[in-house]
Structures are given as C-alpha cells and as structure tokens.
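Peer 1: sharing a model that was predicted from the sequence below.
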Amino acid sequence: MRKRRSAQEEDAGIDLTPMLDVVFIMLIFFIVTTSFVKEAGIDVNRPSASTAKKKERASILVAISQNGEIWIQKRRVDIRSVRANIERLHAESPEGTVVIQADQLSQTGILVQVMDQIRLAGVESISVAASPSVGG
C-alpha cells in the first residue's frame with residue numbers, strides 16, 4: 001500500500017523542465033538580438049551640418065580629438081595602427097559601417113589619413129559624424 005501511495009504522490013507534481021527550457025531559450029534570444037551602444041572613447045565637439053542624418057548600424061566608431069589623438073574603442077591608437085584595428089573590428093561585424101567622430105577643431109589632414117587607413121583596411125562605407133544644425 002505504501003508503494004502505491006508514493007507513486008501517486010510523485011505523479012501529482014508538475015514537471016517544470018520544459019518551462020525552464022523555454023525561458024532560457026528566450027533569454028538567449030534577447031541577449032543575441034540586443035544591440036549594444038558602442039563608444040569611441042572620448043567626447044568630441046562635432047561640427048553641425050544641415051544635411052546630417054542618423055546612421056544606423058554604425059558598428060565601428062573612430063574619434064579624432066582637437067589635438068589630433070585617434071581613439072578606437074576607448075583606446076588611444078597611433079595612425080599606423082588604425083588599419084590593423086579596423087581590419088580586426090570589421091572582421092567581427094562585416095555588415096557594419098565605420099563612423100568617424102572628428103572634433104570640429106581637429107586637423108583635416110588627420111581626418112584624411114584616418115579615412116585612407118580605413119579604406120586600406122577594406123571598408124568602403126565610411127561616414128563622418130556631424131550634429132544636426134539648429135533651424136536648418
């Protein structure tokens with residue numbers, strides 16, 4: 001009699017394993033589909049432009065400070081290592097574009113050198129960040 005009673009008690013419980021599987025699958029789905037905000041590493045004073053548009057899928061950000069420092073992923077890099085860094089980052093997310101955030105007081109020559117290194121790394125989709133002008 002005791003064996004029969006314990007077997008009935010075991011069958012009366014709800015099996016939560018399938019529900020936990022679904023919860024973990026949903027968690028993985030949300031983690032994979034979440035887009036994370038990427039930062040170049042410094043704040044720059046971007047120039048304003050009346051034709052400025054918001055760029056989607058900007059996966060690689062390069063910042064140029066007013067004194068000519070180049071920043072990629074919160075690290076200061078030399079102009080000679082820009083190409084290698086962009087090649088590595090572009091291999092990680094080939095569908096993304098490169099956005100250069102150049103300070104309005106930075107030198108144009110450095111901007112052109114950075115753009116040249118990015119193109120040599122195999123990236124053709126390059127944008128220069130600008131703030132939308134007020135009243136434009």
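Peer 2: Arrived safely. Everything numeric here is computed off the predicted structure, so don't read it as measured data. Residues are numbered from 1 along each chain as shown.
Peer 1: rest of the way, CA atoms for contacts and neighbours
Peer 2: Noted.
Peer 1: tell me if V82 really is in a helix.
Peer 2: Yes. Counting by DSSP: H, G, I helix; E, B strand; the rest coil, V82 is part of a helix.
Peer 1: which residues touch it?
Peer 2: V82 is in contact with 114, 117-118, counting by C-alpha atoms under 8 Å, 6 or more residues apart in numbering.
Peer 1: let's see it at 7 Å
Peer 2: By C-alpha atoms under 7 Å, 6 or more residues apart in numbering, the residues touching V82 are Q117.
Peer 1: any weak-confidence spans in this structure?
Peer 2: 1-12, 35-58, 133-136 (pLDDT under 70).
Peer 1: now do the helices in it.
Peer 2: Taking DSSP state H, the helices of the chain run over residues 2-11, 17-33, 82-92, 108-120.
Peer 1: and of the ones you listed, who's closest to V99?
Peer 2: Of all the helices of the chain, it is helix 108-120 that lies closest to V99, at 9.9 Å by C-alpha to C-alpha.
Peer 1: and the contacts of that closest one?
Peer 2: 68, 79, 82-83, 86.
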